[in-house]
Structure formats: structure tokens, C-alpha cells
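Undergrad: Provided below are the primary sequence and the corresponding predicted coordinates.
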Amino acid sequence: MAKKEAQTDVLLANIIKGIEEVKGNDIEILDLREIDTAVCDYFIICNGNSNTQVNAIVNSIQKLVSKELKDKPWHVEGTDNGEWVLMDYVNIVVHVFQKQIREFYNIEGLWGDAKITSIQTNY
């Protein structure tokens, strides 16, 4: 169990680093482990300013996680339009939005029982 948590923590850190490398905005981690109906342990949510930046964030995450952990997402969808891309790493699901799409779907509000951690960026 501790090994799985350590691997999850390393994956979380690498996903955050991948987002930050291309200046993803408003990064939040939703801890879903205490919610019985949750499909995974964590959501990571961030947004980009355009479909180009959204896809750059996704590519940065994939490249970094592949290089550092030799891991790849189980499933990725939404890259065609770049408004909302979902990356499924099984126990971590990453949502990369354009700002207005993120506001519309309000994932944080839908999972209001989750513990939310905001990541401060310096850019």
C-alpha cells in the first residue's frame, strides 16, 4: 500500500511539473480518496489560454511522465479540439481545459466533497 502511495505521489509531482513547464494556469488537485463513488484517487485540473496551449500542456505531461516514470496514460481524449482534454492515468485523472470551458463544467463544484489543494505558480 505504501509503495502505491509513493508511486502516486511521484506521478502527481511529475504531472504538476509537466503543467508548469508550459505555464498551465489555476492548477488544483482534488483528493477523491474519501469519496465512496469516486472512480480514481485524484483529479488534477488546470487550464490553458488556447487550444494550442491545452495540447502543449498535455504533450508536456505525457513527455515528462514517459521520460521520468516510463509510464503513459491509459486513455487520452479531447485532443482534436483542445477545449477539454482528459488524461487517464488510472488512479489519477488529469483535466486540461480552456478557461471558459472549465468555468462552464465546474468540475470542482461537482466534486465539492473533495479536498482541494491549489498549486501556486510563479509565472
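TA: All right, it came through fine. Numbering: from 1, shown residues only.

Undergrad: Need the distance between the two termini of stretch 67-84.
TA: Start to finish, the residues bounding stretch 67-84 are 24 Å apart (CA to CA, to the nearest Å).

Undergrad: Name the residues of it that come out as buried.
TA: The neighbour-count check on stretch 67-84 (16 or more other CB atoms under 10 Å) flags D71, P73, V76, G78, G82, E83, W84 as buried. All C-beta spots, glycine's among them, are computed from the backbone N, C-alpha and C.

Undergrad: do the same with stretch 40-58
TA: 41-48, 51, 53-58.

Undergrad: Which of those fall within helices?
TA: N51, Q53, V54, N55, A56, I57, V58 (DSSP state H).

Undergrad: Hmm, the fourth one is touching E83, no?
TA: No - here N55 lies out of contact with E83, judged by CB atoms under 8 Å, at a distance of 10.4 Å.

Undergrad: got a list of what the residue nearest the centre of the chain touches?
TA: Centroid check for the chain by CA atoms, centre = their mean gives V94 as the closest residue, at 2.6 Å. By CB atoms under 8 Å, 6 or more residues apart in numbering, the contact set of V94 is I15, F43, I44, I45, C46, I61, P73, L86, M87, D88.

Undergrad: Let me have these in a markdown table, extended by distance to V22 and pLDDT.
TA: Putting the contacts of V94 into a markdown table (distance: CB to CB, whole Å; pLDDT from 0 to 100) gives the following:
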| residue | distance to V22 | pLDDT |
| --- | --- | --- |
| I15 | 12 | 98 |
| F43 | 19 | 98 |
| I44 | 14 | 98 |
| I45 | 16 | 98 |
| C46 | 10 | 98 |
| I61 | 9 | 98 |
| P73 | 17 | 96 |
| L86 | 18 | 98 |
| M87 | 14 | 98 |
| D88 | 20 | 98 |
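
Undergrad: Out of those residues, the closest to D26 would be?
TA: Nearest to D26 among the contacts of V94 is C46, at 6.1 Å by CB to CB.

Undergrad: Mind listing the residues bridging to the closest one?
TA: V96 (DSSP bridges).

Undergrad: check contacts around it.
TA: C46 touches I19, G24, N25, D26, I27, E28, I57, V94, H95, V96, F97, counting by CB under 8 Å, 6+ apart.
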